[in-house]
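Student: how would this look folded up:
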Amino acid sequence: MRSYRSHSEDMIHLLDMLEKGRLISREQATKLFGCSAKTVTAWIKELQEKGHDIQYSRALQKYILKRTDKK
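Tutor: Numbers count the residues shown, from 1 in each chain. Here you go, the predicted structure:
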């Protein structure tokens, strides 16, 4: 079982990958974090609930973080 700290660190790393456009697929994340696809899906949903606009692009075949620049 993973600790809360590692969960938080993994969530930050996942968000960082999304921000930099480095997250290719859920399968890539499962290998990187050593967890199941269901866990990655839950993390993405959790980030979405926190206000991050994360979507899967079928055209690009990867998860993307849509930016909403407010100026």
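Student: So which residues of this structure form helices?
Tutor: Under the criterion DSSP state H, the chain carries helices at the ranges 4-19, 26-33, 37-49.
Student: what angle do the worst-scoring helix or strand of the chain on mean pLDDT and helix 37-49 make?
Tutor: Least confident helix or strand, the chain: helix 4-19 with a mean of 87, by mean pLDDT, DSSP states H and E. Angle of helix 4-19 versus helix 37-49, following axes from the mean of the first three to the mean of the last three Cα atoms, to 10 degrees, is 70 degrees.
Student: What is helix 4-19 packed up against?
Tutor: Applying 3 or more Cβ pairs under 8 Å, 6 or more residues apart in numbering; DSSP states H and E, one finds that helix 4-19 contacts helix 26-33, helix 37-49, strand 62-66. C-beta: built from backbone N, CA, C; applies to glycine.
Student: if we can go back for a sec, who wins for proximity to residue 61 among the helices of the chain?
Tutor: With Cβ to Cβ as the criterion, residue 61 lies closest to helix 26-33 of the helices of the chain, at 11.0 Å.
Student: The closest one - what's its average pLDDT?
Tutor: What helix 26-33 shows for mean pLDDT is 90.
Student: related to what we said a few turns ago, distance to residue 67 and mean neighbour count for the helices of the chain - can I get that in a markdown table?
Tutor: Listed next are the helices of the chain as a markdown table, based on distance: least, Cβ to Cβ, whole Å; neighbours: other Cβ atoms under 10 Å:
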| stretch | distance to residue 67 | mean neighbour count |
| --- | --- | --- |
| helix 4-19 | 9 | 14 |
| helix 26-33 | 20 | 16 |
| helix 37-49 | 14 | 15 |
